[in-house]
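Trainee: Structural data only, the sequence is not supplied:
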């Protein structure tokens, strides 16, 4: 039996398989789908524009999740590093090790390698503020579009969108 709520959520299914889904890994699809469903219930999109804005909100939320996940992995690995010690000594004539390496503490092994975390921190973390700004701008725009659809008088946005040329290495 189909409910009106289920029909309302599923009527935009074709859009969910569009451009935004291409930037989501297989690992993240369940997370994205769940948050998108929650947002659909909360915001109740009535047309394609509202659905697209909602998908953008879900994608921005996912990107914030990625940045936070990378930061957590980095902190766990730094706080609990793998430790080894050498049994024996160093042969200075041959510069080779005498003895064997013994693991003292396995430590935390990140799901993402140190190189990847460093790249994420260098590249993606600096975009966190930009992503948050886009997330909140999309939420505000969705709310404006929905109020307009319901016949409310909509005032122009009070916020100003400022794009700084030269940020993040742009010329």
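Mentor: In hand now; what should we look at? What you are looking at is a predicted structure, and each value in this text was computed from that prediction instead of being measured.

Trainee: okay, CA-based contacts and neighbour counts for the rest of this
Mentor: Will do.

Trainee: Could you report the neighbour count for residue 151?
Mentor: As a burial measure, residue 151 scores 9 neighbours (other C-alpha atoms under 10 Å).

Trainee: Could you pull out the buried residues of the helix ranked longest in the chain?
Mentor: The residue-count maximum for a helix in the chain (DSSP state H) belongs to helix 48-79. By neighbour count on 16 or more other C-alpha atoms under 10 Å, the buried set for helix 48-79 is 50-64, 66-67, 70-71, 73-74, 77.

Trainee: Also stretch 24-43?
Mentor: 24, 32, 35-37, 39-40, 43.

Trainee: which one of those is nearest residue 123?
Mentor: residue 24 (17.6 Å; C-alpha to C-alpha).

Trainee: Could you pull up phi and psi at the closest one?
Mentor: phi -110, psi 130 (degrees, to the nearest 10).

Trainee: Nearest spatial neighbour of it, chain-adjacent residues omitted?
Mentor: Excluding its sequence neighbours, the residue lying closest to residue 24 (C-alpha to C-alpha, 6 or more residues apart in numbering) is residue 32, at 7.9 Å.

Trainee: I'd like to know how far the one you found sits from residue 26.
Mentor: Distance, residue 32 to residue 26, using C-alpha to C-alpha, to the nearest Å: 10 Å.

Trainee: and if you look at residue 138?
Mentor: As judged by C-alpha to C-alpha, residue 138 and residue 26 stand 25 Å apart.

Trainee: Next: residue 36.
Mentor: If you go by C-alpha to C-alpha, the gap between residue 36 and residue 26 works out to 15 Å.
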